[in-house]
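J.: sequence plus predicted model, see below.
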Amino acid sequence: MTGRDTATKARTRPGPAAAAAPRAPGRPPAAAVRGKLPGLAVAAAGVALAWTVHRVLPAVPLLTAAIVLGVAAAHLPGPRAVVRGVARPGLSFAGKRLMRAGVVLLGLSVGLGDVLGLGWETVAMVLGTVAATFAGTVWLGRRMGLPGDQPLLIATGYAICGASAIGAMSEVSDSEEEDVATAVALVTLCGTLAIVVLPLLHRPLGLDATQFGRWVGAGVHDVGQVVATAQTAGPTALREAVLVKLMRVAMLAPLVAAVGLSLRRRRTGGSGTAHTAPDGARGARRAPIVPLFVAGFLAMTALRSTGLLAQPVLTAAHQAQELQLAAALVGLGSAVHLPSLVRGGGRVAALGLCSWLVIAGVSYGGVLLTT
């Protein structure tokens, strides 16, 4: 991390003592809630508009429309003043808290029995693809000098499941909102391009429906983008793509927990106590090894795997998850500042392209070896 990044984080993040300080008497809980209402109303309006776009243009996934609308609102002359002013607290709340809730409900999409039914060869292929994409993207991003947590967040989004994975990782890495928004914008853009590019490569690469579906499931980021891409090759490809994609989603919890544990050990020097904390605040705010929302994701996965939930319940939960993630992406999109993104966009775009080539190439080779 550069000196500029360290200074920025020092200005924008409270220290341990400040984090442990009591709430200011001039800001009671009721006032804090009222302060978030305008932003939550903007997020709800953005979700409604994104849903309308998706209904009119089914090829545009709801989550893609949500983040595009959030970015647009942050730059149009009229809405810009609102999203950067009175609506900012509520939009930031949506980008963090609703993202957590959506990730928890995402666990209900993962049935471990269905995933394991793909066979150990496919499991090994997905594990290899995720590991190569994550490690390679983080390494390359650091070598390219990307600031802050951008390499970590971009690697997570590409390796696992797009924006929801980025949101989950940002919670344990305590990332800046701008880094999160940049990573989400890049991963969403590349995933959207995959909807157009990958079907064009189906026949030239000599893939049958099963192989194409598994390649899409292993190489495309967001679940909605996977569905939109794979359905072009028929129902067999769609089924295989969704199952492989859910296997990647199942890896979200262990990856986030592992990174969280690594960051915790780095910050505490392996002693369990942060060296930078004053004596009075030391140990006052110790992060859990497994964040609560990750534990919730695992609990929902276990619940889904029992077979006790009826299909209408799962459908309702999926719809709630989509709405929560859409609201979160409106909030994150509204934090994107395109002039700043353009200034550093060359390196970010280069990292995104390289990571895309890695995950597409490794998954393609894995599919050929395992089918």
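T.: In hand now; what should we look at? Numbers count the residues shown, from 1 in each chain.
J.: which stretches of the stretch 51-200 of the chain form helices?
T.: For the stretch 51-200 of the chain, applying DSSP state H, counting those that start in this stretch gives helices covering 62-73, 77-83, 88-93, 99-106, 112-116, 120-143, 150-159, 163-173, 177-201.
J.: just the CA atoms of the following helix or strand past the longest one, as CSV, please.
T.: On the C-terminal side of helix 177-201, the closest following helix or strand by DSSP states H and E is helix 209-219. Extracted as CSV, the C-alpha positions of helix 209-219 are listed here (Å, rounded to 0.1, in the frame of the first residue of the first chain):
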residue,chain,number,x,y,z
ALA,A,209,-23.6,-28.5,-24.3
THR,A,210,-22.3,-30.1,-21.0
GLN,A,211,-18.8,-28.8,-21.5
PHE,A,212,-20.0,-25.3,-22.4
GLY,A,213,-22.3,-25.2,-19.4
ARG,A,214,-19.5,-26.2,-17.0
TRP,A,215,-17.1,-23.7,-18.6
VAL,A,216,-19.6,-20.9,-18.1
GLY,A,217,-20.3,-21.9,-14.6
ALA,A,218,-16.6,-22.0,-13.7
GLY,A,219,-15.7,-18.8,-15.6
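J.: re the thing from before, for Ala310, find the nearest of the helices of the stretch 51-200 of the chain.
T.: helix 99-106 (15.9 Å; CB to CB). Where you see a C-beta, it was placed from the backbone N, CA and C, and this is true even at glycine.
J.: quick one: residues in contact with the closest one.
T.: 161, 164, 167-168, 171, 249, 252, 293-294, 296-297, 300, 317-318, 320-322, 324-325, 328, 332 (CB atoms under 8 Å, 6 or more residues apart in numbering).
J.: for stretch 294-308, same thing?
T.: Contacts of stretch 294-308 (CB under 8 Å, 6+ apart): 103-113, 168, 250, 252-253, 256-257, 260, 309, 314.
J.: got the buried residues for it?
T.: By neighbour count on 16 or more other CB atoms under 10 Å, the buried set for stretch 294-308 is 294, 296-298, 300-301, 304-305.
J.: what do you get for stretch 52-59?
T.: Under 16+ other CB under 10 Å, the buried positions of stretch 52-59 are 53-54.
J.: for stretch 120-134, same thing?
T.: For stretch 120-134, the neighbour count (16+ other CB under 10 Å) marks 122-123, 125-126, 128-130, 132-134 as buried.
J.: redo those as CSV? Include pLDDT and distance to Ile154.
T.: As requested, those are exported to CSV (pLDDT from 0 to 100; distance: CB to CB, whole Å):
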residue, pLDDT, distance to Ile154
Thr122, 89, 25
Val123, 88, 25
Met125, 93, 22
Val126, 92, 19
Gly128, 93, 19
Thr129, 94, 16
Val130, 94, 14
Ala132, 94, 15
Thr133, 95, 10
Phe134, 95, 10
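J.: would you turn those residues into JSON lines with distance to Val196?
T.: Output for those, formatted as JSON lines (distance: CB to CB, whole Å):
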{"residue": "Thr122", "distance to Val196": "26"}
{"residue": "Val123", "distance to Val196": "29"}
{"residue": "Met125", "distance to Val196": "25"}
{"residue": "Val126", "distance to Val196": "24"}
{"residue": "Gly128", "distance to Val196": "27"}
{"residue": "Thr129", "distance to Val196": "21"}
{"residue": "Val130", "distance to Val196": "24"}
{"residue": "Ala132", "distance to Val196": "24"}
{"residue": "Thr133", "distance to Val196": "21"}
{"residue": "Phe134", "distance to Val196": "25"}
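J.: just give the nearest non-adjacent residue to Ala124, would you?
T.: Thr370 (7.4 Å; CB to CB, 6 or more residues apart in numbering).
J.: repeat that for Ala94.
T.: Per CB to CB, 6+ apart, closest to Ala94 is Gly331, 3.7 Å.
J.: tell me which element the one you found is part of?
T.: helix 311-333.
J.: what angle do the helix or strand where Val294 lies and helix 99-106 make?
T.: Under the criterion of DSSP H and E, Val294 resides in helix 292-306. Put simply, helix 292-306 runs at 20 degrees to helix 99-106, going by axes from the mean of the first three to the mean of the last three CA atoms, to 10 degrees.
J.: chain center to helix 292-306: distance?
T.: Helix 292-306 has its average C-alpha position 17 Å from the chain's average C-alpha position, going by CA atoms, centre = their mean, to the nearest Å.
J.: can you give me the mean pLDDT across it?
T.: Helix 292-306 shows a mean pLDDT of 83.
J.: now do stretch 226-233
T.: Averaged across stretch 226-233, the pLDDT comes to 80.
J.: do stretch 45-58 as well
T.: pLDDT averaged over stretch 45-58 gives 92.
J.: ok now it, how far from the chain's centre?
T.: For stretch 45-58, the distance to the chain centre is 20 Å (CA atoms, centre = their mean).
J.: with only the CA atoms kept, save that stretch in PDB.
T.: Output in PDB follows, covering the C-alpha atoms of stretch 45-58 (Å, rounded to 0.1, in the frame of the first residue of the first chain):
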ATOM      1  CA  ALA A  45     -36.400   3.600  -6.200                       C
ATOM      2  CA  GLY A  46     -33.300   2.400  -7.900                       C
ATOM      3  CA  VAL A  47     -34.300  -1.200  -7.300                       C
ATOM      4  CA  ALA A  48     -37.800  -0.600  -8.700                       C
ATOM      5  CA  LEU A  49     -36.300   1.100 -11.800                       C
ATOM      6  CA  ALA A  50     -33.700  -1.700 -12.300                       C
ATOM      7  CA  TRP A  51     -36.500  -4.300 -12.000                       C
ATOM      8  CA  THR A  52     -38.500  -2.500 -14.700                       C
ATOM      9  CA  VAL A  53     -35.500  -2.400 -17.000                       C
ATOM     10  CA  HIS A  54     -35.000  -6.200 -16.400                       C
ATOM     11  CA  ARG A  55     -38.600  -6.900 -17.200                       C
ATOM     12  CA  VAL A  56     -38.500  -4.900 -20.400                       C
ATOM     13  CA  LEU A  57     -35.100  -6.200 -21.400                       C
ATOM     14  CA  PRO A  58     -34.800  -9.700 -19.900                       C
END
